[in-house]
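K.L.:
Everything below, folded, please.
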Amino acid sequence: MTPDALAAADRLNDLFGRTYEEYRRTVLATLPAILLVRSTPGGGHYALHHRGTVRVAEPVPAAFRLLKSIAHGPTLLGVLARPDGAPGEGARRRAELRDACVAARSSLDAVPLTPTARAAATIALVGTVEAIDQAHEGPLSAELRNACETMIREAGAIQAHACRDLLHGWLGDLPAADRDVLHAIVGTGWGVREHGTHFELLCHVLGRELLNVRLFAAMGEHDDERLLRRLGMILCNRRTSGAVLGDPARMDVELIGDAVAGALCPMRRSA
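P.N.:
Below you'll find the model as predicted:
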């Protein structure tokens, strides 16, 4: 291929990119209400864009972050117990872990917790320190494992109720006409089998029937601007794909990726 041919192709591609970006902004501007949700260490960041105004909240109480962090104590102990856990640094990491658990135990009473959560957190911190002092090797004790499971359940309940209540309040403040066309996108963490906590929260509050209609997930996105851009791209792709390819969902996947799979697998190509 000649340089002139490549330059012509690049010109066409540049024109497409600039036009599509303008199209994305135009499409987003037509939406009266957009909800952006992403994970944070504190339990979640929520932003509601509604006709030129933005409401932002991080509604989850500090108890969530405390329990999640404390559960990392036994988890790290389990990592360090493996032969490949921290080659050459195991002793130093265990000393750091012990100091962190002691400090967390001394401040545990400063955060409101249910009796069940407090008992599990205490077991996790004390048990981790004892395991380090006794130079314990191998799997975690059943008591430590159970404490971690309890903290996971308690932290999940704290997060679920706080985020659900915020969403109910915000949705209740919207005019019915805007609420009925609300679009939402959730930046999820990486996972093999699930979309993450905030995805499940929004499915519960907004209705699972909105999934991939007005509710979308964006794996690995943790920035509001990137979430907003991803939502715009999804909606633009839907409209473009319907007009050009006859199927609004055709561009929900990476088109060249599908073509590559078809080239390498004839059965997939013919499906």
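
K.L.:
What's opposite the residue most central in space within the chain in the beta bridge?
P.N.:
By CA atoms, centre = their mean, the chain has its centre lying nearest to residue 188, at 2.2 Å. On the basis of DSSP bridges, residue 188 is bridged to residue 219.

K.L.:
Now do the contacts for it.
P.N.:
39, 195, 196, 198, 199, 217, 218, 219, 220, 221 (CB atoms under 8 Å, 6 or more residues apart in numbering). Backbone N, C-alpha and C define where each C-beta goes, glycine included.

K.L.:
hmm, try it at 7 Å
P.N.:
Residue 188 is in contact with 195, 196, 199, 217, 218, 219, counting by CB atoms under 7 Å, 6 or more residues apart in numbering.

K.L.:
so the third one touches residue 217, yeah?
P.N.:
If I follow you right, that is residue 199. Yes: between residue 199 and residue 217 there is a contact under CB atoms under 7 Å: 5.2 Å.

K.L.:
Can you pull out the low-pLDDT segments for the stretch 151-271 of the chain?
P.N.:
190-195, 266-271 (pLDDT under 70).

K.L.:
which residues of the stretch 151-271 of the chain fall in helices?
P.N.:
176-179, 197-206, 224-245, 255-264, 266-270 (DSSP state H, counting those that start in this stretch).

K.L.:
Which of those helices sits closest to residue 33?
P.N.:
Closest approach to residue 33 among these (CB to CB): helix 176-179, 4.6 Å.

K.L.:
Other residues contacting the closest one?
P.N.:
32, 33, 50, 171.

K.L.:
These in helices, which ones?
P.N.:
residue 171 (DSSP state H).

K.L.:
Let's see if you can find the most crowded of the contacts of helix 176-179.
P.N.:
Counting neighbours by other CB atoms under 10 Å, residue 33 leads those with 21 neighbours.

K.L.:
How about it: which residues does it bridge to?
P.N.:
residue 50.

K.L.:
May I have the residues that are in contact with it?
P.N.:
49, 50, 174, 178, 179, 181, 182.

K.L.:
Please indicate which of the residues you listed are buried?
P.N.:
49, 50, 174, 179, 182 (16 or more other CB atoms under 10 Å).

K.L.:
Residue 167 versus the second one, what's the distance?
P.N.:
What it means is residue 50. 14 Å (CB to CB, to the nearest Å).

K.L.:
do the same with the third one
P.N.:
When CB to CB is applied, the distance between residue 174 and residue 167 equals 11 Å.

K.L.:
And for residue 2?
P.N.:
Residue 2 is 57 Å from residue 167, by CB to CB.

K.L.:
Also residue 156?
P.N.:
16 Å.

K.L.:
for the protein, what spans make up the strands?
P.N.:
33-38, 45-50, 53-57, 183-188, 215-219 (DSSP state E).

K.L.:
how about these in CSV, adding distance to residue 97?
P.N.:
Below are the strands of the chain laid out as CSV (distance: least, CB to CB, whole Å):
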stretch, distance to residue 97
strand 33-38, 29
strand 45-50, 29
strand 53-57, 33
strand 183-188, 29
strand 215-219, 30
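
K.L.:
who wins for proximity to residue 102 among the ones you listed?
P.N.:
strand 45-50 (31.2 Å).

K.L.:
what does the closest one contact?
P.N.:
32-38, 54-59, 166, 170, 174, 178, 224.

K.L.:
Going through those residues, which ones are buried?
P.N.:
Going by neighbour count (16+ other CB under 10 Å), these have 32-38, 57, 59, 166, 170, 174, 224 buried.

K.L.:
closest to residue 117 among these?
P.N.:
residue 59 (18.3 Å).

K.L.:
who's in contact with the closest one?
P.N.:
44, 46, 162, 163, 166.
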